[in-house]
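Peer 1: How does the following fold in three dimensions:
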Amino acid sequence: MAITLNHTIVPARDKLAAAKFFARIFGLKRGHTDYFAPVRVNKSLTLLFDDDTKFESHHLAFHVSAREFDAILRRIKKAKIAFGSAPWSLDDGKLNDWNGGRGVYFCDPNGHVLELMTVPQ
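Peer 2: Next up, the predicted model:
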């Protein structure tokens, strides 16, 4: 059996707001909130948003299809979220073309850096 990441906990100042933001931008549905506010990314990965008051920024990178990339980028632009071509250029308004694909970085309201790429690293 291959090892796969099943879930990870993402700290947030407001877990429900964080889950709603992520689900809206990525075009996903939120799960039922009990202790965590879950967002199922795919059949093998769920993000569990949890309330916390003090945490460091996390980096979450997602390999997406060209079509998903376009849809997510449209939602980022519509929401007027700053985006950039690298983790050190989060607001230059550009995409990157690393590995022959397209990539973009942006921050969620909790300061986590989210990355989209059409070609995995």
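Peer 1: how does this protein divide into domains?
Peer 2: Here the domain parsing of the chain from automatic domain parsing is 1-54, 56-121.
Peer 1: what's the spacing between the longest one and its chain's center?
Peer 2: What separates the centre of domain 56-121 from the centre of its chain is 8 Å, taken as Cα atoms, centre = their mean, to the nearest Å.
Peer 1: Let's see the distance spanning it from one end to the other.
Peer 2: End-to-end distance of domain 56-121 (Cα to Cα, to the nearest Å): 24 Å.
Peer 1: List the residues that contact residue 39.
Peer 2: Residues near residue 39 by Cβ atoms under 8 Å, 6 or more residues apart in numbering: 19, 22-23, 26, 28-31, 46-47, 49. C-beta coordinates here come from the backbone N, C-alpha and C atoms, glycine included.
Peer 1: could I get the residues you listed as a markdown table with secondary structure?
Peer 2: Formatted as a markdown table, these follow (DSSP: H, G, I helix; E, B strand; the rest coil):
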| residue | secondary structure |
| --- | --- |
| 19 | helix |
| 22 | helix |
| 23 | helix |
| 26 | helix |
| 28 | coil |
| 29 | coil |
| 30 | strand |
| 31 | coil |
| 46 | strand |
| 47 | strand |
| 49 | strand |
